[in-house]
Every structure is written in structure tokens, then in C-alpha cells.
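Undergrad: no sequence on hand, only this structure:
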Ligand SMILES: [Zn+2]
């Protein structure tokens, strides 16, 4: 991967790269007068083992979390784990080989969906190669490679069975279920592989496949795969709102530098831009109340991501939540809306980990009500 | 059963923490700060013994008493030192006093005045050797205390490092002198006074008789020197000119009779045992889990490690956080573990002598009342009563690759914002066990403004979070006690302290054992891949000669280190299994 900042591909990859590797950033400047402790209390580190962990999503009953972590000495890539929040019991649910990412519990069943290259006959060789590279003491910046072998799977926690839902060349990942468990909304780069690309687009693919990423939806069994977005640039990271009425996602501009939070109906209609934050604003997730959307932005410094909230209509300027240098992102509220899970580099070391904190919903509503109208804060 | 252990709700509001009575009992004024070897410490041990009984613990396997005694040097006294020459003799402590590191000996010999008695190693690129033109073999050497008074800042920086009395004694001994007499010159601070005897953790002698004398004695001696007073001589030396030479005082024979006694006291560790309650693990799977905390503290803070303010000096240092909190944690974790199904036995240990230098835990590791090879892990609790902002430091995590996972799972229901720290070379009893290759973990809620002060009282304890520390420790201990294989141990490379000995450029990779009382320098370990390890030194070796310098104690050794150079091979003579051996090793550049 090229040095971050030199190429467009680098910029887009940074979004994923920062989840896991971070560079210390200049302290962010903050004018809204809030402190982290105004919204987050009893902050605690949840994951400890291994080099890095992230993307902790709750089971609908809030008693379990599923996440990705690099912690297996034999596999340098993420594997998927569940952690019982009452007993501390940990279980690896991906098979242990290949690359995996982006897991999500199916409401009302024992299934967990995630993306994986586990069918790739090359996967073990790739692991060995990566381990040898790390062993050599060489360093490179961590970058997400949008492996075209990435496909969406489910794992049944009761039977241990794996089921592959997508089977199209191109990265299929970043999936999540609708609240009724019937639908999966996800990100696919298949559009770069399912046709003969003109020379210009072929160059684009070699530079940065995420340019081709669009939002898709399918039934929970993998049928009825359908495309919802059709705009150049990386559309990704879709999640349903708690009432199932909306899908929230992030849309990058063509250059891969600026991203904003968007909402649409599950059929792809009524695509509406929520933020206009002139920064990389991504990883949105709607609070269960439906009142506001969490997201992460590097508004305060290129590598200093912080968690923000914005009202669902996008009428106001976002309110900053975290105030810690380095990476704070991938915010996910618990189903009861009382706890926030997010991924942070605040513990130091070279990888981020998952943190939990009590979330003050009332304070959040108060801060949003007091926020200036959108655009009023932009000089 | 197991689930209740992990998720029992925290103590209800208004209900007293079970840890609180322990903290209050141990931090009571009646126990007088629990100084090792004192009546207060014995009272604390009595309390712990009674609590172990209440939990249902037994003495260690094969023992009948919870108390495990160990001997330690508690102080040093001048037992009658005298000096005589010509017609005169002195024996009052205002006139002549043993130096605290002196050997006891009677020496009668000729006298050589050796200026400030300074020897700066060649490696400093500044030649200064008070003995350069002198033959002091079998003589008594008289030197001035401190270093030349009138030198510039830069030279002070160099000379001051070699002006310690221990260093001067070693330099004299290296040149063959039989005894050292120190005089504080009239142009120096404390002019004419003898040097007070301090207990500088001087647990070993220096291989030479050494005493300080008063100005009166010094003047009387200089009456035998033609044309010069002490003051004139000092003025000459104070310029720092390295060529101002000492001289023999031929006309007198001096008799120095030094007598010191090192007080041996007895301290007591306390240890109890909870046998396995379930099917025992395989006998080769290290059948014990050890939980420990030191119970000693600083007494009235008169031993040099108190941070008491002027206004509170001499008051009882109650040590509620340091470390009544840790004792309470081990007792309460022990109570919870007593009833839990476990395949391993649990050892509950309470160390004394920690504040004097990890004496109790070092004795336990040395004498092995339970073999170190049978302990699967050690959990240490030192200062766990002052948690703030939900933070808990878990230290020494580098000692095993298994710690992170164990901590992660156990902390899920407890919920501390844990701060993971790898380094096992900590100023607490973990150091002793890490040295014995037992995977170790230290629980620590952080230092605070009352640390090592009389104000470290029970009022400052955060009992709610102390109870959570107990829960976390209990779950980790239970999980270790039930896992099939013992934890894997990893030796972490020691990062040498920065700054303190900044000018020390050559690296040898030796880890001295600071607690040993041996003739020579006992190696507590060697750093893997370092020059000492490469040369063939092992832990347990006793170095007696290093780069041509005789080594009788650790102080000699640190001074000898100053004289070595990077990439220049040196010979090391050491004793292993009672036999003398010799190796050559090559110091490397310090990274
Ligand atoms: Zn202490």
C-alpha cells in the first residue's frame, strides 16, 4: 500500500486502517464546551488480548457482543469472536483461517453474519506470508485490502454450521440485519468485476477498488440481492435504524477524501444527506431512540478521529462526544441505548481496542437541542 | 456456584465492605506502622493469622505454623572504636567513629595522607588519582571527606560521583591499604565533625576497616607533618589540580581499632493454604496458585523511605493503602476462593520486609517452603485501595502470554478500565517471583499524595472499588486454579534505569541480587543475549573479581562497572557451586 496521503487509494483505505493502527494526532480543538465525561461515564476497556480489536456490535438482548480481533498467534488477520458480557466467556466463531470482518447478530436466531475469505484456498498461504513479513521486523502501515474473495457468511452458534450467502467476485462485507432479521444490508464492490471495465475504470480499480463500493440489500438467506446506491465513490457501512424504517450509511466523494452520513429507505428511495461536515465522517449508527446518529469524524485533525452525534434530520451542527487524541470511532449504542461501545486507541500500543461506557441519552438530547443550526458553525 | 462468584452484586449501599475491618485493624495506630521486626508488625501478623483461621486456611503443606521467620540486618552500631598515635588516643564518638560499612578490625601501621582519596576511572577522560604517586600497601590511609571545594561546575559533576565514602574505601582497598581514616577538612561543610553512622541498607561490609575522625584528631596527626596544617593542605588540594600529591607521614605509627555490630532481627512472613476443592490437576501441572500482599510498612518513617512533610515527621505511618488494602484484598479473595470448586490449591501469603527491600518475598523464594516450580502463577496486591476514575493498573503482564486473556475475561463482569503494563521489574514483591520464573501479576490503583506519609489512613480508602479488585483477583485466581495447564512464563528483558547512571555507557547484562549477604556480588539473573549471558555467567554465580578489581559487595561492583569500556574484553572471576571460575566477556554499547 502506498504511503497514506499520496494516493486516493490511500485515503480511502485509511478509513479502515485507522480502526486498527493509529498515529498520534495533535490535540483536537474544541469549541462547544463539552467534555467527554458529560456524555460518557464509567469508561472501561473491554478487549485486552491481542494486537487489536474493533467493531463491537450487541446482540439484541444486549448481553453479548460480537467483534473482530487479531489475537490468534497463527493468524495475523481478524477473526470473529463473541464475548458474553455477564460471564466473560469468549468464543471464536469464525473458523480460524482466512480474513474476516464486520459481524452482526441476527435478531431472533442463533445466527451471526460476518464477512470472510475462509473458502479461499490461498488463505493459509496468505496468513503464513503475512506472519513471515511481520517476523522479518519490517513495518508497513496497516491497510485494509478489500480482498475480492471476501464473502458474507453466517455461523450458527447452536449447530456450528457455516453458510455462505454471497458468491460473486468482489468484496462483499459490512453487513447488518434489519430489526426483524429478514434482511441484510451490505457493501459490495462487485460492480468492478461483473463487466468489462473501460480503461479509465480499470486504472481506478487497480488504484482503489473501494471507488466501486455500493450498498446492496438481500434476504437473510442470501436471495434477492439488489443494489440500492449508484453514485461513484465509496458507499459503505450500512445499518438499519431500530424501527427498520431507514438505512444509515456513509458516502465518500469520488476522491475518497470527504465522507458524509446519509439516510435512505430500505428500498433505496429518498436518499438524504444528514451531515455536511467537510471531513471524513463515517461509521454512522442510529441511536435506538431514532433521535440522533452516532458517527466518527476527523474534523479536528487528519488522524484524530472523534465520535460525534448529529440529529437525524441533520438540521443542526454535530456535537462532539469523545475528547481523546488518536482514534475514537465505530460507535455502537447498546439496544437499550444506555451504553456506548466504540473502538479507541486510547490505551496506547499500536492497535485500537473496544471500550464501553455508560451513555447519557438525556444529556445528548440537551446538547443537540442547544447545537447551532447546520452551517451556522462553518466559518 | 461459579456464576455467583463472578456476578455477586457489589456490596449494597450503606453496607460495610468486608475489606474495611481488615484495613482498619491493620492501619490502626496501635500497630505503630508495622515496621518489619517491630512489635507492631508482630501484632499485624497475629491479626492475619487469626483471619486465616477464620477463612479455614491451613498452614503451608508440611508446616504447623502460619508464620515463616526470616533473618535480616536491621541496623549497624559502633561497638567501640578507637584511634591512637604518638602519645595520644581517642575513643569518644565525637572524636572517632566507625563508618557504617566498615569491617571490624584492629590495624596498626604506618600512615599515608592521600588527599581526597579520589580515583576517577580512565573512562571519564579526566585523570585524577589521589594514589598515583603513593604506595599504600598495608598502610593506613587518611583522606579528606568530599571532593575539592574550589573546582568548576563541570569538574564537580565528575568528581562528586567518585567521592562517596564507600567508593573511597574501595579505592583504598584496591591499592592495598589496610584501613581508611576520613577527616572532614576545615574548608568543607561539617568541618571537623565525625560522619554519623547511617543505616544505608549497608547489609555487607566493604572489606576494609574504616572510621571518621574529628578535627582535633586531624590536627594532632598533622602535628607530625612538617610545615603544613590541615587547612593549608586542603587549600592546595581544593584547586582541583590533580598533581597535588599526598605523602607518607613517616614519623608516626597509627593504631585503629574499629568495632561494628550489625543487628540481626527476625521478620515474619505469614502464609496459609487452601487445598483443592475439586478434582486436582495433574501433579506435573503446577498445583498451586499464589496470592500475596506485603503487610509491613514504615513504622514512624525513620528508615529513610518516608515522604513525611516536616510538620508530620516521626508520626505513625499507618499505611492503609500501602498495604493494608492489599492484605485485605488477599484475605477476602481467599475467603471467596475457599468455597469455590478448584483443581489447584491456593496459597495466601503476607510478606514482611517489603519496604526494606522485598526481604520477605526474597526469603520465601530462596527457602522455597513451597517449590517455586510448583506455583503456576503469582497475584500480588500492592496499594489497591485508592482507585480513581474506574482505573486499575495491572502490571507485569509481560511475564506470561496468558495474562491478557485471563484479565480480559475476568474483567468483563467487573468492569475496570484496566491499564495493562508489561514490565515485571517493579518495586514490589512481584520482582522476587518474576525472578524465580513464576508468571506474576500486580494489582495497583496508583500512587497518591499520601503515599509513604502518615496521612495514608483508612479514610482515604475507596472500599467500593477495593471490593471490585477482590472480585477481579478472585475470578482470575479461580480461572487459573481450574485451567488444565499452568501459565507459560516469559522472561522480559530488563530496561536499565535511565538517568540515574546516565554516564554508564557499557552494558554487561548482569542483574545483581540486592538482597544477598555474600562476599562478592551475587547475580540474581543475566539478561538474555547480553554480554554476561554470552560469556557464560548464570544466575546464582557470585562475582568476586571484575575487570581486575576485587568485588566484595554490590557497591564495589557498581564502581567497577564505571571503569569498563565498550568492546574491550574483561575477565570476570566468579564462584559457582563453591568453585572459582573465570570467563571473558565483552561489554557492548548501551542502547
Ligand atoms: Zn510502600
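TA: Done, it's in. This structure is a prediction, so every number in the text was calculated from the model and none was measured. Numbers count the residues shown, from 1 in each chain, chains lettered A, B, ... in the order given.
Undergrad: can you give me the strands for the stretch 251-400 of chain B?
TA: In the stretch 251-400 of chain B, the segments counted as strands under DSSP state E, counting those that start in this stretch are B:260-274, B:288-294, B:345-351, B:375-381, B:391-395.
Undergrad: tabulate those strands (a markdown table), appending distance to chain A.
TA: C-betas here are computed from N, CA, C, even on glycine. Below are the strands of the stretch 251-400 of chain B laid out as a markdown table (distance: least, CB to the nearest CB, whole Å):
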| stretch | distance to chain A |
| --- | --- |
| strand B:260-274 | 23 |
| strand B:288-294 | 18 |
| strand B:345-351 | 20 |
| strand B:375-381 | 16 |
| strand B:391-395 | 9 |
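Undergrad: now the ones you listed as a markdown table including mean pLDDT and mean neighbour count?
TA: A markdown table is the format used below for those (pLDDT from 0 to 100; neighbours: other CB atoms under 10 Å in any protein chain shown):
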| stretch | mean pLDDT | mean neighbour count |
| --- | --- | --- |
| strand B:260-274 | 93 | 21 |
| strand B:288-294 | 98 | 28 |
| strand B:345-351 | 98 | 28 |
| strand B:375-381 | 98 | 28 |
| strand B:391-395 | 93 | 21 |
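Undergrad: with respect to residue A:369, which of those lies nearest?
TA: For the strands of the stretch 251-400 of chain B, proximity to residue A:369 was assessed by CB to CB; strand B:391-395 is nearest, at 32.7 Å.
Undergrad: mean confidence for whichever helix or strand comes after the closest one?
TA: Next helix or strand after strand B:391-395 toward the C-terminus (DSSP states H and E): helix B:403-414. In this model, helix B:403-414 has a mean pLDDT of 96.
Undergrad: buried sites along the next helix or strand after helix B:403-414?
TA: Toward the C-terminus, helix B:403-414 is succeeded by strand B:417-420 as the next helix or strand (DSSP H and E). The neighbour-count check on strand B:417-420 (16 or more other CB atoms under 10 Å in any protein chain shown) flags B:417-418, B:420 as buried.
Undergrad: can you name the residue of the stretch 1-150 of chain A nearest to chain B?
TA: Nearest residue of the stretch 1-150 of chain A to chain B, counting by CB to the nearest CB: residue A:88, 3.4 Å away.
Undergrad: count the neighbours of that residue for me.
TA: Counted by other CB atoms under 10 Å in any protein chain shown, the residues lying close to residue A:88 total 19.
Undergrad: contact partners for it?
TA: The contact partners of residue A:88, by CB atoms under 8 Å, 6 or more residues apart in numbering or on different chains, come to B:6, B:408-413, B:475.
Undergrad: residues from chain A in reach of chain B?
TA: By CB under 8 Å from any CB of the partner chain, the residues of chain A that approach chain B are A:42-50, A:71, A:83-90, A:347, A:355-356.
Undergrad: pull out the buried members of those.
TA: The neighbour-count criterion (16+ other CB under 10 Å) marks A:43-50, A:71, A:83-85, A:87-88, A:90, A:347, A:355-356 among these as buried.
Undergrad: which ones among these map onto strands?
TA: Among these, the ones falling in strands (DSSP state E) are A:43-45, A:83-84, A:90, A:355-356.
Undergrad: let's have those in JSON lines, adding pLDDT and distance to residue B:404.
TA: What follows is these, written out as JSON lines (pLDDT from 0 to 100; distance: CB to CB, whole Å):
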{"residue": "A:43", "pLDDT": "95", "distance to residue B:404": "19"}
{"residue": "A:44", "pLDDT": "96", "distance to residue B:404": "15"}
{"residue": "A:45", "pLDDT": "96", "distance to residue B:404": "11"}
{"residue": "A:83", "pLDDT": "96", "distance to residue B:404": "14"}
{"residue": "A:84", "pLDDT": "96", "distance to residue B:404": "18"}
{"residue": "A:90", "pLDDT": "95", "distance to residue B:404": "11"}
{"residue": "A:355", "pLDDT": "97", "distance to residue B:404": "16"}
{"residue": "A:356", "pLDDT": "97", "distance to residue B:404": "17"}
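Undergrad: closest to residue B:458 out of the residues you listed?
TA: Each of those was scored against residue B:458 by CB to CB, and residue A:44 proved nearest at 26.7 Å.
Undergrad: helix, strand, or coil at residue B:22?
TA: Classification of residue B:22 using DSSP: H, G, I helix; E, B strand; the rest coil returns helix.
Undergrad: ok, it touching residue B:51?
TA: Yes: shown here, residue B:22 and residue B:51 form a contact pair, counting by CB atoms under 8 Å, at 7.0 Å.
Undergrad: just for chain B, where's the confidence low?
TA: By pLDDT under 70, the weakly predicted segments of chain B are B:1-14, B:123-124, B:199-205, B:304, B:495-505, B:513-517, B:555, B:559, B:562-563, B:589-591.
Undergrad: how about it: which residue is closest to chain A?
TA: In chain B, the residue found nearest to chain A is residue B:412; the distance is 3.4 Å by CB to the nearest CB.
Undergrad: near chain A, which residues of chain B?
TA: Proximity of chain B to chain A (CB under 8 Å from any CB) is limited to residues B:3, B:6-7, B:389-390, B:404-405, B:407-413, B:415-420, B:475.
Undergrad: let's go with 10 Å and repeat that
TA: B:2-3, B:6-7, B:389-392, B:394, B:397, B:401-420, B:422, B:475, B:479 (CB under 10 Å from any CB of the partner chain).
Undergrad: and residue 69, which helix or strand is it part of?
TA: No chain was given, so I picked chain A. strand A:64-70.
Undergrad: right idea, wrong chain: chain B
TA: Going by DSSP H and E, residue B:69 is in strand B:67-78.
Undergrad: cool, residue B:172 as well?
TA: Using DSSP H and E, residue B:172 maps to helix B:165-174.
Undergrad: distance between that helix and the chain's centre?
TA: Going by CA atoms, centre = their mean, to the nearest Å, the spacing between the C-alpha centre of helix B:165-174 and its chain's C-alpha centre is 22 Å.
Undergrad: what about the helices in the stretch 201-350 of chain B?
TA: Using DSSP state H, counting those that start in this stretch, the helices of the stretch 201-350 of chain B run over residues B:215-222, B:230-237, B:326-338.
Undergrad: tell me what the first one is packed against?
TA: Applying 3 or more CB pairs under 10 Å, 6 or more residues apart in numbering or on different chains; DSSP states H and E, we find helix B:215-222 packed against strand B:82-85, strand B:88-90, strand B:105-113, strand B:140-144, strand B:179-183, strand B:209-213, helix B:230-237, strand B:247-258.
Undergrad: dump these to JSON lines, plus mean neighbour count.
TA: JSON lines is the format used below for these (neighbours: other CB atoms under 10 Å in any protein chain shown):
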{"stretch": "strand B:82-85", "mean neighbour count": "20"}
{"stretch": "strand B:88-90", "mean neighbour count": "15"}
{"stretch": "strand B:105-113", "mean neighbour count": "19"}
{"stretch": "strand B:140-144", "mean neighbour count": "28"}
{"stretch": "strand B:179-183", "mean neighbour count": "27"}
{"stretch": "strand B:209-213", "mean neighbour count": "27"}
{"stretch": "helix B:230-237", "mean neighbour count": "18"}
{"stretch": "strand B:247-258", "mean neighbour count": "18"}
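Undergrad: now render those as JSON lines, adding distance to residue A:343.
TA: Shown next, in JSON lines, are those (distance: least, CB to CB, whole Å):
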{"stretch": "strand B:82-85", "distance to residue A:343": "74"}
{"stretch": "strand B:88-90", "distance to residue A:343": "76"}
{"stretch": "strand B:105-113", "distance to residue A:343": "69"}
{"stretch": "strand B:140-144", "distance to residue A:343": "65"}
{"stretch": "strand B:179-183", "distance to residue A:343": "64"}
{"stretch": "strand B:209-213", "distance to residue A:343": "63"}
{"stretch": "helix B:230-237", "distance to residue A:343": "67"}
{"stretch": "strand B:247-258", "distance to residue A:343": "68"}
